[in-house]
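Peer 1: just to be clear, the model below is a prediction. Sequence and coordinates:
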Amino acid sequence: MIIRKLSLPRRTFLRGVGATVALPFLDAMVPALSSLSVTARAAANPVRRLGFVYIPNGAVMQQWTPAEVGSEFELSPTLSPLAPYRDQLTVVSGLAHGQAEPLGDGNGEHSRASATWLNGVHPKQTEGSDVQAGITADQLAAQALGRDTPLPSLELAIDLDGLVGNCENGYSCVYLNTVAWRSPTTPLPMENNPRVVFERLFGDGGTTEQRVAEMRRDRSILDSVTDDLAALERDIGVGDRARLDQYLDAIRALERRIQLAEAQSADAELPELARPVGIPDTFEDHVKLMFDLLSLAYQADITRVFTFMLGRELGGRTYPHLGVPDPHHGLSHHRNDPEKLDKLARINTYHLGLFTHFLESLQTTPDGDGSLLDHSMVLYGGGLGDSNDHAHFDLPELVVGGGAVRLEGGRHLQYPKDTPMTNLLLSMLDKAGLSAEDLGDSTGRIKELAEL
């Protein structure tokens, strides 16, 4: 029998002026006199987390899709960055979003791609405020998993979500700005400023002026919780202190990166459309910082559900460091030009490489009886296949996750053309312990996932 000096509630916070810092899972959170170890309790009641990472403008599918099906597949060139996570990887080919087809509405393929990705519902063609689509899988998950966390879900993006009006053939820009819908008429805004995200996670008080003053004094949010921290450290064990120190060091490191980005923004000449303060100079630094914030949110159990858009459909980002000075969207209409296909494939591979930064963080962060990756399931993909043809079939989709969510990796699953993407989403919700009869145009589950 294990007897502990202190038993902490799972929802324990360090509090200070303008700050609330949630704690990671500690041994001290296992009730005193418990007959089970922390790992045994975690194994019996695993925390399950869901994430959804969106890539815009389709993919070069002949470079994405593995040649072999089943467990003996070799990673394709585009998927090669995922080699360290092959055992946790499931590539799902052949999926489609039939509700993203025109269905009488004409052009608007990019708007429908992002609007249907997580719901399988044909969006209403309007450039006004009367937008309509369908509740998305992430928000169905948030309704259940979010009951036990301070934030039901997080919605992040790299691009500003400030586009308004008509963005594509009578479709409101709202359909490009987000992939998350709380209800059929409630699209959720995506946040791209790391400082705002950080304060949403850890700041809960004080006026805006007070927070700005603290930032200018170069103080850490942790400076205001030192009394609570000192009291806690006196009462927890050596292992918990080490885990807590690692977690707080990660918070401090994120703060420093955000402060550096803010300093760079303050020193730079502001263009006509200025970036919000706190956004790093480079796309790569921005993406990694946002992924690190998500990892921290998972670790502290602030949220168990997120969506993250690496880019907006129709986006024209360039990647000169990859030898790709061409705008992304323009390249996606490659007309089978070998040079354009090569450049587009470089972008696809680069994005996946950035995704592995997040996976590494999850895999190396302890959580209960394993790692955060063991207790997470993350969908990575988009709403267009071959964007040269604006194809809403043969979509680029893969899932990474661990055994605690009953996900068997190391497989390439190939389904008949036009198998609804929503079948995969339903299967993911099942794995997270949720029950939904259907979603959008779903016709069932992904058999190989549902049977585990």
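Peer 2: Right, received. Where do you want to start? Numbers count the residues shown, from 1 in each chain.

Peer 1: list the buried residues of the top helix by length along the chain.
Peer 2: Counting residues, the longest helix in the chain under DSSP state H turns out to be helix 238-267. Buried residues in helix 238-267, counting neighbours by 16 or more other C-beta atoms under 10 Å, are found at 240, 243-244, 247-248, 250-251, 254-255, 257-259, 261-262, 265. In this view, the C-beta of every residue, glycine as well, is placed from N, C-alpha and C.

Peer 1: and whatever helix or strand Lys417 lives in, how far out from the chain's middle?
Peer 2: In this assignment (DSSP states H and E), Lys417 forms part of strand 411-420. Using C-alpha atoms, centre = their mean, to the nearest Å, the mean C-alpha position of strand 411-420 is found 23 Å from that of the whole chain.

Peer 1: flag the shaky bits of the stretch 301-450 of the chain, pLDDT-wise.
Peer 2: Residue ranges of the stretch 301-450 of the chain with pLDDT under 70: 450.

Peer 1: circling back to that earlier point, can you point out the buried residues in the strand holding Lys417?
Peer 2: Neighbour-count burial for strand 411-420, with 16+ other C-beta under 10 Å as criterion, is recorded at 411-413, 415, 419-420.

Peer 1: and if you look at stretch 338-355?
Peer 2: Under the neighbour-count criterion of 16+ other C-beta under 10 Å, stretch 338-355 has 340-341, 343-352, 354-355 buried.

Peer 1: ok, of the residues you listed, which one's closest to Gly403?
Peer 2: When those are compared for distance to Gly403 (C-beta to C-beta), Phe355 comes out closest, at 20.4 Å.

Peer 1: which strand or helix spans the closest one?
Peer 2: helix 338-363.

Peer 1: same check on Val399?
Peer 2: Assigning secondary structure by DSSP H and E places Val399 in strand 397-401.

Peer 1: which strands or helices does that strand pack on?
Peer 2: The criterion is 3 or more C-beta pairs under 8 Å, 6 or more residues apart in numbering; DSSP states H and E, and the helices and strands that strand 397-401 contacts are strand 89-96, strand 376-381, helix 421-431.

Peer 1: any chance you could list what contacts the second one?
Peer 2: Spelled out, that is strand 376-381. By C-beta atoms under 8 Å, 6 or more residues apart in numbering, the surrounding residues in contact with strand 376-381 are 48-55, 117, 298, 352, 355, 358-359, 362, 395-402, 405, 407, 424-425, 428, 431-432.

Peer 1: 6 Å instead?
Peer 2: With C-beta atoms under 6 Å, 6 or more residues apart in numbering as the test, strand 376-381 has contacts from 49-53, 355, 362, 396-401, 405, 407, 431.

Peer 1: which of those residues tops the neighbour count?
Peer 2: Gly401 (30 neighbours; other C-beta atoms under 10 Å).

Peer 1: how about the contacts made by that one?
Peer 2: By C-beta under 6 Å, 6+ apart, the contact list for Gly401 reads 376-377, 407.

Peer 1: quick one: which of the residues you listed is nearest Gly440?
Peer 2: Each of those was checked against Gly440 using C-beta to C-beta; the closest is Met377, at 19.3 Å.

Peer 1: the helices in the stretch 101-250 of the chain, which residues?
Peer 2: Taking DSSP state H, counting those that start in this stretch as the test, the helices found in the stretch 101-250 of the chain are 109-116, 137-145, 174-177, 194-202, 208-216, 226-235, 238-267.

Peer 1: lowest average pLDDT across those helices?
Peer 2: Sorting these by mean pLDDT places helix 208-216 lowest, at a mean of 53.

Peer 1: neighbours of Pro327, just the number please.
Peer 2: The tally of other residues near Pro327 (other C-beta under 10 Å) stands at 15.

Peer 1: what about the closest residue to it other than its chain neighbours, helix or strand, and which?
Peer 2: Nearest residue to Pro327 in three dimensions, chain neighbours excluded: Gly316, at 3.4 Å (C-beta to C-beta, 6 or more residues apart in numbering). Using DSSP H and E, Gly316 is not contained in any helix or strand.

Peer 1: how many residues are close by Gly316?
Peer 2: Residue neighbour count, defined by other C-beta under 10 Å, stands at 13 for Gly316.

Peer 1: and it, how far is that from Ala22?
Peer 2: 38 Å (C-beta to C-beta, to the nearest Å).

Peer 1: Gly134 now?
Peer 2: Going from Gly134 to Ala22 by C-beta to C-beta gives 32 Å.

Peer 1: then Tyr415?
Peer 2: Distance of Tyr415 to Ala22, given as C-beta to C-beta: 40 Å.

Peer 1: next: Leu14.
Peer 2: With distances taken as C-beta to C-beta, Leu14 is found 8 Å from Ala22.

Peer 1: who's in contact with Leu50?
Peer 2: Residues in contact with Leu50 (C-beta under 6 Å, 6+ apart) are 141, 305, 377, 432.

Peer 1: please, which helix or strand holds it?
Peer 2: With elements taken from DSSP H and E, the one containing Leu50 is strand 49-54.

Peer 1: parallel or antiparallel, which strands does that strand pair with?
Peer 2: Looking at strand 49-54 with DSSP bridges, its paired strands and their directions are strand 305-309 (parallel), strand 376-381 (parallel).

Peer 1: tell me which element Gly58 is part of?
Peer 2: Here Gly58 sits in a region with no helix or strand, counting by DSSP H and E.

Peer 1: so what's the residue count around the residue lying closest to it once chain neighbours are set aside?
Peer 2: In space, not counting the residues next to it along the chain, Gly58 is nearest to Ser387; the distance is 3.0 Å by C-beta to C-beta, 6+ apart. Taking other C-beta under 10 Å as the criterion, the count of residues near Ser387 is 26.

Peer 1: quick one: residues contacting Ser387.
Peer 2: 57-58, 332.

Peer 1: do that again at 10 Å, thanks
Peer 2: The neighbours of Ser387, taking C-beta atoms under 10 Å, 6 or more residues apart in numbering as the test, are 56-61, 109-110, 113, 313, 328-329, 331-334, 344.

Peer 1: if any of the residues you listed are buried, put those into a ChimeraX selection.
Peer 2: The ChimeraX selection below is limited to those of those classed as buried (16+ other C-beta under 10 Å):
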select :56,57,58,59,60,61,109,110,113,313,328,329,331,332,334,344
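
Peer 1: overlap of the contact sets of Leu14 and Ala22?
Peer 2: Joint contacts of Leu14 and Ala22 (C-beta under 10 Å, 6+ apart) are Phe202.

Peer 1: confirm Glu448 sits in a helix?
Peer 2: Yes - inclusion of Glu448 in a helix is indicated when DSSP: H, G, I helix; E, B strand; the rest coil is applied.

Peer 1: that one against Gly410, yeah?
Peer 2: No - in this structure Glu448 lies outside contact range of Gly410 using C-beta atoms under 10 Å: 12.0 Å.

Peer 1: need the overlap of contacts for those two.
Peer 2: 70, 90.
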